[in-house]
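Novice: have a look; sequence and predicted model below, questions after that.
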Amino acid sequence: MSVVWTDTVKEIAGIKLHLSRAGKGPPLLLLHHDIGTVDRLPFYDALAEKFDVLIPHYPGWGKSERPQWMRHPRDIAAVHAWLLTELDLSGVSLVGLGFGGWIAAEMASLAPRDYHKLVLVGAMGIKPPEGDIADQAIVSYIVYPRSGFHDEAAFAAVYGDVSTDQLEAWDIAREMSFRVAWKPYMYSQTLPHLLGGVQSPALIVWGDDDQIVPLSAGQAYARALPVATLTTVPACGHFAEMEKPDAVAKLAIDFLSRS
């Protein structure tokens, strides 16, 4: 089955928000990494074979308009909650990748009963008890994404010869990341205390060689969320859904499909 993606623009909070959507079935909001997203990934297509998948570009990332007022990932979470209301969707599952995992966790903490299930892959948002979240400010635009792969060939398979457009997109994404998540860098001091009310079951997925977010952050999420399972993907870095799309899609689909 070939998956057909459609692109639309929704105006939310005065921002023109780019939205890609494909598939049929229960609704699923997919929240991309801090480096943005490419248009098509095997992982996205796999999910769209089972679910109605929505992938917004965050305000200021990708093809979405940049808001001057945005200052915290919780603002992005509120924009996405508004988007789901505008689309009249309920019982949505959230799949958050890296920085998107933080946004998914914020959404769940703000509406503890609203979301069907959560899948957090290498999620930022909690200060790792051991180790630190890698600081992208001290490396080049290409070194940071590359460091998120266990296998150099997996990076090349997704990005090939990195284009000038891609470098520019990473530059813009980095600037927005700093604008909303700089001090403290890539974690919230309040989020861990607010996750205890979340009633949605959560699957926490981590690459066993994540050089960007230490596994201890995943263990902290597993402790903070009342109903959570943590699983690791072998020989895999931070961008697990790009490096091991089949394995991560199977984990996510099996978990999301269970009643």
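Specialist: Arrived safely, thanks for sending. Residues are numbered from 1 along each chain as shown.
Novice: quick one: the strands in the protein?
Specialist: Listed in chain order, the strands of the chain (DSSP state E) span residues 6-12, 15-22, 27-31, 52-56, 93-97, 118-121, 202-207, 228-233.
Novice: residues contacting the shortest one, please?
Specialist: Residues external to strand 118-121 that are found in contact with it (CB atoms under 8 Å, 6 or more residues apart in numbering): 93-98, 101, 104-105, 108, 198, 200-206, 218, 221, 225, 240-241, 248, 251-252, 255-256. Backbone N, C-alpha and C define where each C-beta goes, glycine included.
Novice: ok, now the last one?
Specialist: With contacts defined as CB under 8 Å, 6+ apart, strand 228-233 is touched by 201-208, 215, 218-219, 221-222, 240, 244, 247-248, 251, 255.
Novice: could you identify the buried members of those residues?
Specialist: Restricting the contacts of strand 228-233 to buried positions leaves 201-207, 215, 218-219, 221-222, 240, 244, 247-248, 251, 255, with burial counted as 16 or more other CB atoms under 10 Å.
Novice: from Ala228, how far out is Tyr221?
Specialist: Taking CB to CB, to the nearest Å as the criterion, Tyr221 is separated from Ala228 by 7 Å.
Novice: between these two, which contacts overlap?
Specialist: Taking CB under 8 Å, 6+ apart as the contact criterion, the common neighbours of Tyr221 and Ala228 are 202, 204.
Novice: my guess is Asp209 contacts Gly237. True?
Specialist: Yes. In this structure Asp209 lies within contact range of Gly237 using CB atoms under 8 Å: 5.3 Å.
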